[in-house]
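Enquirer: here is a sequence together with a model predicted from it:
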Amino acid sequence: MKKIVKFGGSSLASAEQFKKVGAIIKADDTRVYVVPSAPGKRFKEDTKVTDMLLHVYQTAADGKNIDNEMAAIKARYDEIIEGLELDFSLDAEFEEIKANLIAEPEVDYAASRGEFLNGKIMAAYLGVPFIDAAEVIFFNEEGALNTYKTDKILAARLAECERAVIPGFYGLGKNGKVKTFSRGGSDVTGSIVARAAKADVYENWTDVSGFLITDPRIVDNPKGIRYITYRELRELSYMGASVLHEDAIFPVRKAGIPINIKNTNKPEDEGTWIVESTGQKQDYVITGIAGKKDFCTVFITKAMMNAEIGFCRKVLQAFEENEISIEHMPSGIDTMTVVVHADEFMNKEQSVVSAIHRLVEPDSVEIESGLALIAVVGRGMKSASGTASKVFTALSNKGINIRMIDQGSSELNIIIGVKNSDFDNAIKAIYDTFIS
Ligand code: ADP
Ligand code: ASP
Ligand code: MG
């Protein structure tokens, strides 16, 4: 039995949290490889070290003095080192990082140092080797993970170490410079390490007792999910359930390694199991609800569009020409709606509209902004009838107007669009109707 353990920022925000993590690792000697994040928030108004580093990068890039900002970051680490009573110092590392940031400020390098430094402390604390992620995780020219090279080199390196600490969030770019994943990317590192190590379990330790049916910042005390499939989780994390980075599924999914989300502050809780497939009886018809705000819809009408060969392709071309990715595309006989992210779309909207006119000569094109999308996800929906109507009734009972509906062909999810301002109330209404 071999487990990979990844600890999130709040699990490593202070010496006190580090001690909990140490106890968790020591409690089970199959927890052999540790992937730490950078220190996160110690309290609500605190700043994550990664955000402090991004700020230092900006200061350095502006050619200003970074002494004070670097000292504030170093104080965060020194507090941890002292609290753990380690005979260990990061002075040399800080000197080097500072010199590098002044000589050549690089944003990914700066951001990645949070994990790098925390990994050094973790390795010293546990007394195990430190493996720099830039030596074992590689990106390709497109900036995506180079799976083949990473797997090969990382597996060989892990085979040399019975135990090790591998910092999360970064690797080496094709240009030979440090490159990070997107925010929250230590989850991805954990998954990559789990696959390379052929682990039995990938434990992802955070500050909640697993995946909850919905965001606890919207619904008070939502119930937990015991089992969720990779596919369901992918839908939910893509739609904003931020517990696990949306890309963290891929490496372990291929290898069939289950992920167990657990709470560093309540290690005895079972947490959530993310698995390929399960026969476990479900508590509810739906597995989870997640959503995101700030989408736009482009509503196109043209009589008999469904009889016009190539119509959809040409509409999509208008978006492609403007390098805008499409989120959803529900359509009717004479109508088609294209849902896009507002931030990608807004400064190109007129260019897209004119391209649509040029390509398909529609009767009308209407744009609406301020749309929120909510995904109701569940493997149980396939075998339960009336799920969609239950969602609609719940919303209409609260006077919430549904602007768009898209039922995924997988029968795994229903996506509904509501106004941004109805977002929280819509999620509450759906939660209340399915979960009692
Ligand atoms: P870490 O720093 O450990 O990686 P994150 O902050 O990335 O932790 O993820 C955990 C947080 O995700 C929780 O504290 C919670 O606020 C938030 N969250 C959002 N949606 C959900 C959900 N469906 N279930 C549980 N937590 C959720
Ligand atoms: N420290 C990085 C972030 O804040 C990565 C992570 O926590 O997973 O985004
Ligand atoms: Mg996270």
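Expert: All right, it came through fine. All of these numbers come straight from a predicted model, not from anything done at the bench. Ligands and ions are numbered 1, 2, ... in the order given.

Enquirer: now the stretch 251-400 of the chain against ligand 3: closest residue?
Expert: With CB to the ion as the measure, residue 261 is the residue of the stretch 251-400 of the chain nearest to ligand 3, at 10.4 Å. Heads up, the C-betas are built off the backbone N, CA and C, glycines and all.

Enquirer: what helix or strand is that residue on?
Expert: strand 259-263 (DSSP states H and E).

Enquirer: what residue in the stretch 51-200 of the chain comes nearest to ligand 1?
Expert: Residue nearest to ligand 1 within the stretch 51-200 of the chain: residue 184 (5.1 Å; CB to the nearest ligand atom).

Enquirer: that older thread, against residue 66, how distant is the residue of the stretch 251-400 of the chain closest to ligand 3?
Expert: Distance, residue 261 to residue 66, by CB to CB, to the nearest Å: 36 Å.

Enquirer: quick check: chain neighbours aside, which residue is closest to the residue of the stretch 51-200 of the chain closest to ligand 1?
Expert: Spatial nearest neighbour of residue 184, chain neighbours left out: residue 245 (4.4 Å); criterion: CB to CB, 6 or more residues apart in numbering.

Enquirer: likewise for residue 116?
Expert: Counting by CB to CB, 6+ apart, the residue nearest residue 116 is residue 167, at 5.3 Å.

Enquirer: and residue 349, by the same measure?
Expert: residue 367 (6.0 Å).

Enquirer: just checking, that neighbour is part of a helix?
Expert: No: Residue 367: not assigned to a helix; according to DSSP: H, G, I helix; E, B strand; the rest coil it is strand.

Enquirer: just to revisit the earlier point, tell me the contacts of the residue of the stretch 251-400 of the chain closest to ligand 3?
Expert: Contacts for residue 261 were tallied using CB atoms under 8 Å, 6 or more residues apart in numbering; they are 204, 206, 208, 210, 211, 243, 244, 271, 272, 274.

Enquirer: I figured residue 161 hits residue 136, correct?
Expert: No: look at residue 161 against residue 136 with CB atoms under 8 Å: they stay out of range, at 11.0 Å.

Enquirer: more neighbours, these two?
Expert: When residue 161 and residue 136 are compared for neighbours, residue 136 comes out ahead with 25 against 15, by other CB atoms under 10 Å.

Enquirer: how about the residues of the stretch 201-350 of the chain near ligand 1?
Expert: Within the stretch 201-350 of the chain, the residues that sit near ligand 1 (CB under 6 Å from any ligand atom) are 206, 207, 208, 211, 212, 214, 215, 216, 217, 241, 242, 243.

Enquirer: residues near residue 96, how many?
Expert: Using other CB under 10 Å, residue 96 has 11 neighbouring residues.

Enquirer: over to residue 156?
Expert: For residue 156, the neighbour count with other CB under 10 Å is 11.

Enquirer: same question for residue 166.
Expert: 33.

Enquirer: can you tell me the closest non-neighbouring residue to it?
Expert: That would be residue 131: by CB to CB, 6+ apart, it lies 4.8 Å from residue 166.

Enquirer: ok, residue 109 next?
Expert: Distances taken as CB to CB, 6+ apart put residue 178 closest to residue 109, at 4.5 Å, once the chain neighbours are dropped.

Enquirer: ok, now residue 179?
Expert: What sits nearest to residue 179 in space, not counting adjacent residues and going by CB to CB, 6+ apart, is residue 173, at 3.5 Å.

Enquirer: tell me where the stretch 151-300 of the chain has strands.
Expert: Ranges of strands within the stretch 151-300 of the chain are 164-165, 170-172, 178-180, 201-206, 227-229, 259-263, 272-275, 288-301, based on DSSP state E, counting those that start in this stretch.

Enquirer: what residue in the stretch 1-150 of the chain comes nearest to ligand 3?
Expert: Closest residue of the stretch 1-150 of the chain to ligand 3, CB to the ion: residue 8 (4.8 Å).
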